[in-house]
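> Structure for the following, please:
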Amino acid sequence: MHSQSTEQRYITRFPKSRALHEKARALFPRGCTHDARYILPFPIYITHARGSHKWDVDGNEYIDYYGGHGGLVLGHAHQSVVQAVNEQIGKGTQYGAESYLAPEWAELIKSYFPSADLVEFTNSGTEANMMAIRLARAFTGRSKVVKFRGHFHGGFDEATVGMSKPWDVPCSTGLFPGATDCTIALPINNEEALENALSKRDVAIVMVEALGDHSGVTGIAPCFYQTLRDLTKKYGTLLLFDEVVVGLRFPLGGAQGAKGIIPDLTALGKAINGMIPGAGCIVGHADVMNMLQFKDDDWNRYKRVPHSGTFNANPLCAAAGIATFKILATGEPQRKANEAASRLRQGMQQSIDRQGITGCAYGDISIWHLYFGGCEMQGSCERVICLNEDKVRPASIGKALSLNLALSGIGVPGRGVDGFVSAVHTIEDIDKTIAAFDTSLSTMISEGVLQRG
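Got it, this is the predicted structure:
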């Protein structure tokens, strides 16, 4: 039993991070630079990372399960990516002209994803999703967008509905009037709701996170992938897979290859070049992507979709992207990451059961999720795809777990109940994490955050 609370121990353990946070509070409106990195009493400040580990300003070492917000399949500072970037940076980062590396990068992407007839680079996954909507509207002549509740496609206006209850209320103020009037947020796995929305034939595009919301917190029923494809084709609507986070966690083919469903468009982002800032692209069928083509004056002025971006396919990102894809195309990194994640989920579940807590560790490929609470499906599902849309994961539990794990040298997102495994997490990393998780559960029970039974 600790004499101090978890939060008190956290404050004591990380004095330099606390000092930096005090400085940051006077510089940033929320005291940090990303909503997902906001946590009380303060976030931990990192100085460097390598492989599956990272180090903070107080000299503490962590086994990292945030992985660059999910994009680091190869881990931090992979030697091949670092070498490619180091070689390129001395040659220039923006030429004001086409880089000779861009076609090779695009060829690798095209060969990886079945939907990629053509490739258009952007600077992020968010921009790729924005471009997808514009292309779909131009191609179909329709205005409405269907997304699914909880699915995240970026912070732009049209995507701000369907993020939390009440589902039809945007998660942000300050939007342009009417910006979300054409966005429809539906429950996932509901064929009737989807067909009702599409049957009016005014929906340009259906957007879906390829594993379910937030990389599979609530998953997609295997049969619903075919439903998505069948209904969008039936009603002349384009289907987009958002594979920004998960695409390269699958071997050749991405999620679309694994699920056997080829969307019209695919949004890709941070993972496509090992997390060098400024990477994203929209790929898709040629007839849709050709809305970007230059043709005659009338087409160019009134029908074409224009696209600019100073850093589109910049040589630094391209060099890193080529190095990344050449490694991931073998499928070996994904296999290693999947095996490590499976071992971690199993160990977490054993700990939950041993502690007498009602809950589960679940997830697909190299991703893990936690849920503490009852569920009518517990004992009958395989803990891979969670179809329980009604489950509630209190922020207080996630925060407590995050702080406790940090005190044991385990780095997870501030929400505490999700994480990403890389190809370079070792068995030792996984076993240490399971032990730290077990200790954290014991502390959370003693502090009344979790209960047995």
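
> can you count the residues close to Ile357?
18 (other CB atoms under 10 Å). To be clear about C-beta, it is placed using only N, CA and C from the backbone, and glycine gets the same treatment.

> give the contact list for it.
372, 441, 445, 450-452 (CB atoms under 8 Å, 6 or more residues apart in numbering).

> What is the one helix or strand Phe121 maps to packed up against?
Counting by DSSP states H and E, the element that carries Phe121 is strand 118-122. Under the contact criterion of 3 or more CB pairs under 8 Å, 6 or more residues apart in numbering; DSSP states H and E, strand 118-122 touches helix 102-112, helix 125-140, strand 280-284, helix 286-289.

> what's the most buried one of these?
Comparing the helices and strands packed on strand 118-122 by mean neighbour count (mean count of other CB atoms under 10 Å), strand 280-284 ranks first with a mean of 28.

> Partner strands of that strand, with direction?
For strand 280-284, the paired strands and their directions (DSSP bridges) read strand 118-122 (antiparallel), strand 265-268 (antiparallel).

> Which positions within stretch 11-27 qualify as buried?
Using 16 or more other CB atoms under 10 Å as the test for burial, stretch 11-27 gives 11, 13-14, 17-18, 20-21, 24.

> I'd like those residues laid out as TSV, including distance to Gly409.
Formatted as TSV, the buried residues of stretch 11-27 follow (distance: CB to CB, whole Å):
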residue	distance to Gly409
Ile11	17
Arg13	10
Phe14	12
Ser17	14
Arg18	18
Leu20	19
His21	20
Ala24	23
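
> hmm, back to that, how about JSON lines for the helices and strands packed on strand 118-122, with distance to Glu209 and mean pLDDT added?
Below are those laid out as JSON lines (distance: least, CB to CB, whole Å; pLDDT from 0 to 100):
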{"stretch": "helix 102-112", "distance to Glu209": "18", "mean pLDDT": "98"}
{"stretch": "helix 125-140", "distance to Glu209": "10", "mean pLDDT": "98"}
{"stretch": "strand 280-284", "distance to Glu209": "15", "mean pLDDT": "98"}
{"stretch": "helix 286-289", "distance to Glu209": "20", "mean pLDDT": "98"}
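
> And the pLDDT for the residue nearest to Ser143 when sequence neighbours are not counted?
Once flanking residues are discounted, Ser143 sits nearest to Cys182: 4.9 Å by CB to CB, 6 or more residues apart in numbering. The confidence metric pLDDT takes the value 96 at Cys182.

> re the thing from before, among the strands paired with strand 280-284, which is nearest Ala49?
With respect to Ala49, and counting by CB to CB, the nearest of those is strand 265-268 at 22.9 Å.

> Other residues contacting the closest one?
So strand 265-268 is contacted by 109, 113, 115-116, 125, 128-129, 132, 135-136, 153, 205, 238-244, 247, 254, 256, 280-285, 288 (CB under 8 Å, 6+ apart).

> Repeat the analysis, applying 6 Å as the threshold.
Contacts to strand 265-268, defined as CB atoms under 6 Å, 6 or more residues apart in numbering, come from residues 113, 115, 125, 128-129, 132, 240-244, 247, 281-284.

> Looking at these, which is nearest Tyr100?
Cys281 (17.7 Å).

> what separates the closest one from Ala320, distance-wise?
14 Å (CB to CB, to the nearest Å).

> Same check on Tyr362?
Tyr362 is 32 Å from Ala320, by CB to CB.

> who's more crowded, the two?
More neighbours surround Ala320 than the other of Tyr362 and Ala320, with 27 against 23 (other CB under 10 Å).

> pretty sure the more buried one is touching Ile272, no?
No - using CB atoms under 6 Å, Ala320 is not in contact with Ile272, being 9.0 Å away.

> May I see the buried residues of stretch 369-387?
369-372, 375, 383, 385-387.

> could the buried residues of stretch 11-27 go into a markdown table alongside pLDDT, distance to Glu120 and secondary structure?
Shown next, in a markdown table, are these (pLDDT from 0 to 100; distance: CB to CB, whole Å; DSSP: H, G, I helix; E, B strand; the rest coil):
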| residue | pLDDT | distance to Glu120 | secondary structure |
| --- | --- | --- | --- |
| Ile11 | 97 | 48 | helix |
| Arg13 | 97 | 46 | helix |
| Phe14 | 98 | 43 | coil |
| Ser17 | 98 | 40 | helix |
| Arg18 | 97 | 44 | helix |
| Leu20 | 97 | 39 | helix |
| His21 | 97 | 39 | helix |
| Ala24 | 96 | 36 | helix |
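
> Provide the contact partners of the longest helix along the chain at residue level.
Longest among the helix segments of the chain by residue count, using DSSP state H, is helix 332-354. Residues outside helix 332-354 that contact it (CB under 6 Å, 6+ apart) are 73-74, 251, 359, 361, 363, 365-366, 368, 421-423, 425, 430, 434, 437-438.

> Now restrict these to buried residues only.
For the contacts of helix 332-354, buried by 16+ other CB under 10 Å: 73-74, 251, 359, 361, 363, 365-366, 368, 421-423, 425, 430, 434, 437-438.

> So which of the residues you listed are in strands?
Mapping the buried ones among the contacts of helix 332-354 onto strands (DSSP state E) picks out 359, 361, 368.
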